[in-house]
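next input, structure requested:
(chains A and B)
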Amino acid sequence: MTTTATRPAPHAEATAPTTLTLAKAITAALHDAMAADEKVLLMGEDIGRLGGVFRVTDGLQAAFGEDRVVDTPLAEASILGTAVGLALRGYRPVCEIQFDGFVYPAFSQIVSQLAKMPARLAGAGTVPVVVRIPYGGGIGAVEHHSESPEAYFAHTAGLRVIAPATPQDAYWMLRQALTQPDPVVVMEPKRRYWDKGAVTAGAASLAEAPALHSARVARPVSAERAAAGGAVTVVAYGPTVRVALDAAQAAAEEGVELEVVDLRSLSPLDTGTVVESAQRTGRVVVVHEAPVFLGMGAEVAARVTEAAFHSLEAPVLRVGGFAVPYPAARVEEHYLPDAERLLDAVDRVLAR
Amino acid sequence: MPDAVPAPDAAVQLLDPSGTRREDARWGALVSGVGAEQLRERYRDMALVRRFDAEATALQRQGELALWASGTGQEAAQVGAARALAPQDHVFPTYREHGIAWVRGVDPLQVLSLYRGASHGGWDPRASGFHPYTLVIGAQLPHATGYAMGVQRDGDVATGDPARDTAVLACFGDGASSQGEVSEALNWAAVFRAPVVFFCQNNGWAISSPTSRQFAAPLARRAEGFGVPGVQVDGNDVLAVEAVVREAADRARSGGGPTLVEALTFRVAAHTTSDDSSRYRPREEDELWATRDPLTRVEAHLRATGGADDAFFDAVRAEGDELGARVRRGVREMADPEPLSMFDHAYAGDHPLVAQERAWLEGWIATEPEEAR
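Below is the predicted model:
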């Protein structure tokens, strides 16, 4: 093999926060992970010279060479399948699936091979493959470019599934995913790729990062305010964290306080943080883009009901996509849960 | 309807069914080091693997195994391919590669633990270079290709060091050749010149479907379309398989990229112990292939050339009896896994839900009445 390019020095120390888009935060995380661990390599369609259709891997092939940023044949099953083989040889492949709706040719490899290989090996090896999937709607795309398939993966034992919502989390969670031993599916909220936020990067910053599988209270409500009533817990992740925060602002103007919990990790699920919030507010609404039926919201609702039944003042409600194939883009605004639909559910749990 | 099973006569053959060793400048040279002593070793491998297979079939009939997928009839293909490999080479098997497992030193009882339902495999591929059995047809071919890409990145190709340069044997069957992932893997390995030997054991049948339902042109000819060499070999000729796989593995190790080898063989038994081949396979086919048996021809050759006598064959038979006894005893004494072990390797790292459910089951088992455990 040939290409060895000069590498920029890794960010060994935590740098001062810089403002990055969520996409560029992922680029930085991949760059720093590759600089820190020579076994990390990227695989996917058009990720090299082009830098990926979303430019997430922009500049990385120039920095690390064609052997570590691999433009693959157009075959998703084999992107995952060869990643399994590379992992068995001691590598840490990061597979980019170009769009959510194109992951299904690789589904068998993810579910029947990647997820089950550790149990098959019974300790004689690991397969730390990271699968990056730009997901979700709201970008006016054609069919197969707007889906939310996270429940399939969260339902599959052997996988870890994460969904960062902010540039900082995107950086940290990618770095953390690339230093632990299990397969991780990263659901990247593609319509938030261009959202900006402060990012503290570098290896030292990871000490400040919350645990990979912890949820985060993105907008807290004080205990006093919650005790006074009229507060609602909204559970969101990925692209709907922004929806929840927008709704919280509107609700506050009407005297209703929303505590927004960003799940961050879908499997394992940080049930404790959600239940703790539910116990204080007594009311919970879950919001995601995926169809409500058998979605993540169903699991959250069941676990909250089981653990906080006596604190609940209302049934846990779910707001999300409908039981239809993702619609044509010109009507997707009617499919996707927005702040208005979320606030309607908030009104219902408050019996307003 | 075309002949379901192509005649192996047109394929590379070094030892014909009567046991006559053919002169062959190209392929013969690759196994010139296989004399009487080495042939006796290969015969012993094949005979013990066949005995092991018969024992496993019997154990399934006795209820000791949940299932058995017999490899009888394919001993030459498997032993020949395995004997062509170097210790550092790797194998990605289907679920019927018992002969390769044997040569690579995998404990036969570990293989049976899978078919007993006591494990999903569990042997250590790092020790044997023999990866877990894959039951999803064809899914292991991209694994083999990816593994070979790792070999390339480790610089273990084309160094000229015979103890370092590494090839990967990707096993599949005639049925698997219809799977998209098999074509993907061939193409992918060709594009990256990955050191893979694609080794198809065309045993004539994918459960009840003959090869005529899988492909309309000989499989080996598909290689040309992928830009790789393709060879058809008599899969019941242990010498020819070893020669053909040796050349392909040498090509892979020296940086020449992948090769497609199609070994023509025959699945003597049904697909598995749950199958009944008399429902779909003409009896004449079994009778025809009985004349092409992989062990008979080696025995005939060794006897005719003075390479082995009754004492040798008696000793191998006695060794087979010992193996059979060991396998019977081992399976009957095989303990069921601890129930809580199901949680052990779901994840390598900490997982709170798994830990919680494990604790729950532990408590549940502890409160069960003794007789229910």
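
okay, CA-based contacts and neighbour counts for the rest of this
Fine.

phi, psi of B:Phe199?
B:Phe199 has phi and psi values of phi -120, psi 100 when expressed as degrees, to the nearest 10.

correct me if wrong: it contacts B:Phe172.
Yes - in terms of CA atoms under 8 Å, B:Phe199 counts as a neighbour of B:Phe172; the distance is 6.3 Å.

what about those two, which has more around it?
When neighbours are counted by other CA atoms under 10 Å in any protein chain shown, B:Phe199 and B:Phe172 differ, and B:Phe172 comes out ahead with 27 against 23.

tally of neighbours for residue 226?
Because you didn't say which chain, this covers chain A. A:Ala226 has 22 nearby residues by other CA under 10 Å.

not what I meant, chain B
By the criterion of other CA under 10 Å, B:Phe226 has 20 neighbours.

C-alpha coordinates for stretch A:39-53, PDB please?
What follows is the C-alpha trace of stretch A:39-53 in PDB, where atoms were taken according to Å, rounded to 0.1, in the frame of the first residue of the first chain:
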ATOM      1  CA  LYS A  39      -6.000   1.800  13.600                       C
ATOM      2  CA  VAL A  40      -8.900   4.200  13.000                       C
ATOM      3  CA  LEU A  41      -9.900   4.300   9.300                       C
ATOM      4  CA  LEU A  42     -12.900   5.700   7.400                       C
ATOM      5  CA  MET A  43     -14.800   3.900   4.700                       C
ATOM      6  CA  GLY A  44     -17.700   5.000   2.600                       C
ATOM      7  CA  GLU A  45     -18.900   6.200  -0.700                       C
ATOM      8  CA  ASP A  46     -17.400   9.500  -2.000                       C
ATOM      9  CA  ILE A  47     -15.800  10.300   1.400                       C
ATOM     10  CA  GLY A  48     -12.300  10.800   0.000                       C
ATOM     11  CA  ARG A  49     -11.600  13.200  -2.700                       C
ATOM     12  CA  LEU A  50     -15.100  14.700  -2.500                       C
ATOM     13  CA  GLY A  51     -15.100  14.700   1.300                       C
ATOM     14  CA  GLY A  52     -18.500  13.100   1.500                       C
ATOM     15  CA  VAL A  53     -21.800  14.400   0.200                       C
END
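
quick one: is that stretch near chain B?
No - counting by CA under 8 Å from any CA of the partner chain, chain B has no neighbours in stretch A:39-53; the shortest distance is 9.5 Å.

buried sites along that stretch?
Along stretch A:39-53, the positions that meet the burial threshold by neighbour count (16 or more other CA atoms under 10 Å in any protein chain shown) are A:39-52.

do the same with stretch A:308-317
Of the residues in stretch A:308-317, those buried by neighbour count under the rule 16+ other CA under 10 Å are A:308-309, A:311-313, A:315-317.

tell me the spacing between the nearest residue to B:Thr20 once chain neighbours are set aside and B:Val79.
Here the nearest residue to B:Thr20 in space, its sequence neighbours aside, is B:His301; by CA to CA, 6 or more residues apart in numbering or on different chains that works out to 6.2 Å. Distance, B:His301 to B:Val79, by CA to CA, to the nearest Å: 17 Å.

tell me, how many residues neighbour B:Pro352?
Other residues near B:Pro352 number 15, with proximity taken as other CA under 10 Å.

which residues touch it?
Contacts for B:Pro352 (CA atoms under 8 Å, 6 or more residues apart in numbering or on different chains) come out as A:Pro268.

in the stretch 201-350 of chain B, which residue sits closest to chain A?
Closest to chain A within the stretch 201-350 of chain B is B:His345: 4.9 Å, counting by CA to the nearest CA.

is it true that that residue touches A:Ala122?
Yes - counting by CA under 8 Å, B:His345 sits close enough to A:Ala122 to count as a contact (5.7 Å).

other SSEs contacting the lowest-mean-pLDDT helix or strand in chain A?
In chain A, the helix or strand scored least confidently by mean pLDDT, DSSP states H and E is helix A:223-227, which has a mean of 91. Here helix A:223-227 touches helix A:271-281, going by 3 or more CA pairs under 8 Å, 6 or more residues apart in numbering or on different chains; DSSP states H and E.

list the buried ones in the helix it packs on?
The neighbour-count criterion (16+ other CA under 10 Å) identifies A:271, A:273-275, A:277-281 as the buried residues of helix A:271-281.

sheet partners, orientation included, of the helix or strand just after that helix?
Proceeding N to C from helix A:271-281, the next assigned helix or strand is strand A:284-291, under DSSP states H and E. The sheet places strand A:284-291 alongside strand A:231-236 (parallel), strand A:317-321 (parallel), with pairing taken from DSSP bridges.
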